[in-house]
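# Have a look; sequence and predicted model below, questions after that.
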Amino acid sequence: MKKVTLLIPVYNEEAMLPTLYQRLTELIRRNAAYEWEILFINDGSTDRTLDSIRQLRQKDPQVNYVNLSRNFGKEIAMLAGFDYTTGDCCVVMDADLQDPPELVDQMLKYWEEGYDDIYARRRTRGEESWLRRKLSLTFYKILQRMSRIDILPNVGDFRLLDRRCVLTLRRLREQERYTKGLFCWIGYHKKGIEFDRGDRMAGHSSWSFFKLLNLAIEGITSSSTAPLRIATVCGILCAISSFIYAIYFLIKTLMYGDEVVGFPTLIVVMLFLGGIQLFSLGVIGEYVGRIFKETKRRPAYIASDYNETKLGYGENEE
Ligand code: UDP
Ligand code: MG
């Protein structure tokens, strides 16, 4: 019997768990031909999420959980999930039921047809502010231009991955993760299905504007080095234009003599160059910071429990 793992990162989702579990058991009942695992990754929740998961596990042996030692963020929580899944395929979904479990039936059908990565594309984005929607679409456009791989817009982390995708993703252990980019990077046989993304059923989104901005910067800098090239191109353009300006100025001085004017021009040029330099430094800094983080070779996360087993440092690495 093939085994399907439902991988669900949870962070302060106490209010959501009972409904979620109920919807998942319905899904499982509909697909009794498979063996199922519900794998919760508790991402350092500060409410009673962990207790609720433990209670679920006592009732239902299909429930497994990994407890991370603190909040590592959803991207890292998913990596932890990939490390601990035992299924032949793995469905990544959010705990807030914005990803309808009903879609999994369809995903399983495509999986049986031989697809490796069946992703869900949002037809609508649920209730989101106009600004947030606009920003996220602009972000995807920029990202698409900058990186060579296709990053699909309106596709979230909700997807079914064959075991071989999971095994590949396990090997990609960068700490500044942009998992959406990684899904595209690994390739394999992909299939998209469409759905309407609903609203969060309880609790509230834990993404603030700055967290999203961070994710956007991470997305660009982890899948592309184009920003470094922007700095280079800006530098070259500035150098060329200032050279032309210098020649023009030389000729002008030779022909008409020197006058102490042009103070505003000087200031403008200085400020402009200063701005570009600071920007370029910032861009380079992004990448240097990334190198710094990776050279420390720390594990991406620390798991403190797997089900009833207490884990020590290092035991979670293969
Ligand atoms: N999540 C997590 N760690 C975090 C933040 C969120 O594991 O630091 C989980 C959260 O419990 C949920 C999923 O990631 O299952 C998506 O979170 P959320 O609904 O807040 O994000 P959005 O739907 O707004 O993208
Ligand atoms: Mg959500």
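Cool, got the structure. Ligands and ions are numbered 1, 2, ... in the order given.
# show me where the chain has helices.
17-30, 49-59, 74-84, 103-112, 130-146, 163-171, 179-186, 209-223, 226-256, 263-295 (DSSP state H).
# Against Leu6, how distant is Ala33?
16 Å (Cβ to Cβ, to the nearest Å). Heads up, the C-betas are built off the backbone N, CA and C, glycines and all.
# do Val283 as well
39 Å.
# Spatially central residue in the protein, please.
For the chain, the residue sitting closest to the mean C-alpha position, by Cα atoms, centre = their mean, is Tyr178 at 3.5 Å.
# Does that residue touch Ala216 like I think?
No - under the criterion of Cβ atoms under 8 Å, Tyr178 is not in contact with Ala216, lying 9.2 Å apart.
# Tyr21 contacts Gln55, correct?
No - at 9.9 Å, Tyr21 does not count as touching Gln55 under the criterion of Cβ under 8 Å.
# Give me the more crowded residue out of these two.
Tyr21 (19 against 15; other Cβ atoms under 10 Å).
# check contacts around the residue lying closest to the more buried one once chain neighbours are set aside.
Nearest in space to Tyr21, with sequence neighbours left out and distances taken as Cβ to Cβ, 6 or more residues apart in numbering, is Leu56 at 5.8 Å. Counting by Cβ atoms under 8 Å, 6 or more residues apart in numbering, Leu56 touches Leu17, Tyr21, Ile38, Val63.
# quick one: which of those is most hemmed in?
Ile38 (23 neighbours).
# Pairing partners for that one in the sheet, please.
Leu6, Val63 (DSSP bridges).
# before we move on, the earlier item: between the contacts of Leu56, which is closest to ligand 1?
Leu17 (10.1 Å; Cβ to the nearest ligand atom).
# That closest one contacts Leu50, doesn't it?
No - contact criterion Cβ under 8 Å: Leu17 and Leu50 do not qualify, at 10.4 Å.
# Buried residues in stretch 115-131, which are they?
Tyr115, Asp116, Asp117, Ile118, Tyr119, Ala120, Arg121, Arg122, Arg125 (16 or more other Cβ atoms under 10 Å).
# which residues are in contact with that stretch?
98-99, 103, 107, 110-111, 133, 152, 154-156, 158-162, 164-165, 183, 186, 188-200.
# so who does Leu108 touch?
Val4, Asn31, Tyr34, Leu160.
# swap that for Ile142, sorry
Ile220.
# Begin at 186 from now on, thanks
Fine by me, first position is 186 from now on; the one you just mentioned is Ile327.
# still on that earlier bit, more neighbours: Val468 and Leu191, which one.
Leu191 (25 against 19).
# what's the spacing between that one and ligand 2?
In this view, Leu191 and ligand 2 are 16 Å apart by Cβ to the ion, to the nearest Å.
# do the same with Leu451
Distance from Leu451 to ligand 2, by Cβ to the ion: 52 Å.
# Tell me how many other residues crowd Thr204.
14.
# Can you read off the pLDDT for the residue nearest to Thr210 when sequence neighbours are not counted?
Of all residues not flanking Thr210 in the chain, Asp245 sits nearest, at 7.9 Å (Cβ to Cβ, 6+ apart). With respect to pLDDT, Asp245 scores 89.
# got it, and the one 5 residues further on?
Residue-level confidence at Tyr250 comes out at 93, pLDDT.
# Once you drop chain neighbours, what's closest to it?
Per Cβ to Cβ, 6+ apart, closest to Tyr250 is Phe225, 4.3 Å.
# contacting residues around that neighbour?
Contacts of Phe225 (Cβ under 8 Å, 6+ apart): Ile193, Pro194, Val195, Ile238, Val248, Asn249, Tyr250, Val251.
# Out of those residues, which two are the most distant from each other?
Pro194 and Val248 (14.7 Å; Cβ to Cβ).
# Report how many residues lie close to Asp236.
Asp236, neighbours per other Cβ under 10 Å, totals 12.
# right, I mislabeled it, should have said Leu192
When neighbours are counted by other Cβ under 10 Å, Leu192 comes out with 25.
# swap in Arg362?
Neighbours around Arg362, by other Cβ under 10 Å: 23.
# residue contacts, it?
Here Arg362 is in contact with Glu260, Ile261, Met263, Leu264, Glu403, Ser407, Ala485 (Cβ under 8 Å, 6+ apart).
# Could you pull up the residues touching the third one?
If I follow you right, that is Met263. Leu192, Pro194, Ile226, Val277, Asp342, Arg362, Thr364.
# Can you tell me the closest non-neighbouring residue to the first one?
With Cβ to Cβ, 6+ apart as the measure, Gly266 is the residue that lies nearest to Leu192, at 4.0 Å, once sequence neighbours are left out.
# Please report how far that neighbour lies from ligand 2.
For Gly266, the distance to ligand 2 - Cβ to the ion - is 16 Å.
# do Leu337 as well
For Leu337, the distance to ligand 2 - Cβ to the ion - is 18 Å.
# Can you report how many residues lie near that residue?
Count around Leu337 with other Cβ under 10 Å applied: 15.
# Quick check, pLDDT for it.
74.
# In contact with it: list those residues for me.
Tyr304, Arg306, Cys369, Gly377.
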